[in-house]
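K.L.:
Build me a model:
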Amino acid sequence: MPEAVKHKEAIILAGGFGTRLRTVLPDLPKCMAPVHGKPFLEALLCYLWDEGIEHIILSLGYRHQHISDYVRKHHADREISLVLEEEPLGTGGAIALALDACDEANVFILNGDTFFNASLRSMEVFHADHHADCTVLAKPMDDASRYGTMDVDSTNRVTGFREKEPGSHGLINGGVYLLNRDHFPVRHLPKKFSFEQDYLSAMAGTHQIFAQQQDCYFIDIGIPADYERAQREWSVFFPDTSRHV
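P.N.:
Reported below is the predicted structural model:
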């Protein structure tokens, strides 16, 4: 059985260029997009702490100084490690680099522009029960055309991924993972690679990759329309951050 998470750790992927948000956010990384006067990153940090995560690793790249300055100013008392990509490595390369700053066998991974208000504790139990190499948090969507969908079998093992299709519905990849470091075949992958394409999609049939379905609030602020929606729904992200700041 995979080792349980003891000193719980999570990586936030916060190094992307945010190309689709440049019209509304020209000078900031996506995770620093302000929502109700606070960076979107703050919502992710508070969520992880509420879920029992003790050590957070921020994978940084584009305009990283904005993020590091914020963390040092507001959360110097927290266990937060900063890992910087010297060059863009793709999501997979960024994860591989950030894993070097981790100690636990199983590490949570989140996208820095996505908020999925799901239970990481439930995900951890599912991951151990299924002897998973990687667990993907899946969100059922009536309209999945923006995201593409996952195929799963009767045991919840991921068998494949479908491309974006107009009018499609089903389970989408919610951008939250629990990864067993010892079973992550990074030595067989290039330095720069996509976690989604070169690991999840390419190895779904040969590795123990499972999907846990949680039908909770989900938003991806990567496009202006959903960033605007985040402004209207800010209370979901910041119900009470005073105990953290």
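K.L.:
what's the distance between residue 145 and residue 172?
P.N.:
Residue 145 sits 10 Å away from residue 172, taking CB to CB, to the nearest Å as the criterion. Glycine gets a C-beta too; all of them are placed from N, C-alpha and C.
K.L.:
My guess is residue 105 contacts residue 183. True?
P.N.:
No. Between residue 105 and residue 183 there is no contact under CB atoms under 8 Å: 9.1 Å.
K.L.:
my guess is residue 222 is in a helix, correct?
P.N.:
No. Looking at residue 222 with DSSP: H, G, I helix; E, B strand; the rest coil, it is coil, so not inside a helix.
K.L.:
related to what we said a few turns ago, more crowded one of residue 145 and residue 172?
P.N.:
Using other CB atoms under 10 Å, the more surrounded residue of residue 145 and residue 172 is residue 172, with 25 against 13.
K.L.:
Distance check, the more buried one against residue 71.
P.N.:
Residue 172 sits at a distance of 29 Å from residue 71 (criterion: CB to CB).
K.L.:
for this structure, which spans come out with low pLDDT?
P.N.:
Within the chain, the segments meeting pLDDT under 70 span 1-7, 17-26, 166-167, 240-245.
K.L.:
hey, where'd the helices end up in it?
P.N.:
Along the chain, the segments classed as helices by DSSP state H run 40-50, 64-74, 90-99, 120-129, 202-203, 224-232, 234-237.
K.L.:
Tell me which of those helices sits nearest to residue 161.
P.N.:
Smallest distance to residue 161 across these (CB to CB): 9.7 Å, for helix 202-203.
K.L.:
Enumerate every residue touching residue 147.
P.N.:
For residue 147, the contact set (CB atoms under 8 Å, 6 or more residues apart in numbering) comprises 141, 164, 172, 173.
K.L.:
wait, isn't the first one in contact with residue 170?
P.N.:
The one in question is residue 141. Yes. Applying CB under 8 Å as the test, residue 141 and residue 170 come out as touching, 7.0 Å apart.
K.L.:
okay, and the common contacts of those two?
P.N.:
The contact sets of residue 141 and residue 170 overlap at residue 149 (CB under 8 Å, 6+ apart).
K.L.:
coming back round to it: give me the buried entries from the contacts of residue 147.
P.N.:
When the contacts of residue 147 are checked for burial by 16 or more other CB atoms under 10 Å, the buried set is 141, 172, 173.
K.L.:
Hmm, the second one is touching residue 152, no?
P.N.:
Okay, so that is residue 172. No. Using CB under 8 Å, residue 172 is not in contact with residue 152; the gap is 11.9 Å.
K.L.:
Quickly list what's touching both of the two.
P.N.:
residue 138.
K.L.:
and residue 84, how many residues sit next to it?
P.N.:
13.
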